[in-house]
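Enquirer: Quick one: sequence and predicted model below, then my questions.
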Amino acid sequence: MAATRSAALKLDWVKVSQSLGLRGQTVASLQAFKKRNEDARRKVQQLSEQPTAVDFAHYRSVLKNQAVVDEIEKRFKAFKPTTYDVTRQIKAIEAFEVEAVKNAEATKQAVDLELKDLAATLKNIEEARPFDELTVDEVAAAEKSIDEKTAELVSKGRWMVPGYKEKFGDLAMV
């Protein structure tokens, strides 16, 4: 039990979240669990520091009614703390842990996939030629809708893209 306690105290919660790449609901659940853990540990510490022995001799010397002290002492000695079955709570914690691990793995997979996609995009950007060095055929091959729109405009007898002149000026000036 002491080894478990010392391990729980040494756990760096921020590092766990960062090293596993946790996000969103998983991090919120982990932080809520950490808070409950710290609150419970603090409460146990406070309770363990309180004195548990009752000095009945002191109360007998202070109080006139000895029968009250005798009755309280009798009930105190007869008192047995109730024990609780915590297996249900432990099962809930284990279920939470399983769900947290599943969420963390799903988050990690999503992040890995996004990183792979971003790396491919970055590679494309780094290897791309400047726009002014591209040919019309290369631009058209990259975006198929350009050829389709051009063919549609030409078939209607239009040689200029609508709004081009207003946005970029007249071609005669070039």
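Expert: Nice, thanks for sending it over.
Enquirer: When you work out contacts or count neighbours from here on, use the C-alpha atoms and nothing else.
Expert: Noted.
Enquirer: how about the residue of the chain most remote from its centre, secondary structure?
Expert: The C-alpha centroid of the chain is most remote from residue 64, which lies 61.8 Å away (Cα atoms, centre = their mean). Recorded secondary structure, residue 64: coil (DSSP: H, G, I helix; E, B strand; the rest coil).
Enquirer: What helices and strands are in contact with the helix ranked longest in the chain?
Expert: Across the chain, the longest stretch assigned as helix under DSSP state H is helix 87-127. Under the contact criterion of 3 or more Cα pairs under 8 Å, 6 or more residues apart in numbering; DSSP states H and E, helix 87-127 touches helix 24-49.
Enquirer: And the helix it packs on, how far out from the chain middle?
Expert: 16 Å (Cα atoms, centre = their mean, to the nearest Å).
Enquirer: which parts of it are buried?
Expert: 26, 27, 30 (16 or more other Cα atoms under 10 Å).
Enquirer: and the residue nearest the centre of the chain, what pLDDT?
Expert: The structure's the chain has its C-alpha centroid closest to residue 27; by Cα atoms, centre = their mean the separation is 2.0 Å. Per-residue confidence (pLDDT) for residue 27: 79.
Enquirer: gap between it and residue 97?
Expert: 12 Å (Cα to Cα, to the nearest Å).
Enquirer: quick one: the residue nearest to the centre of the chain and residue 11, what's the gap?
Expert: Separation of residue 27 from residue 11 (Cα to Cα) stands at 15 Å.
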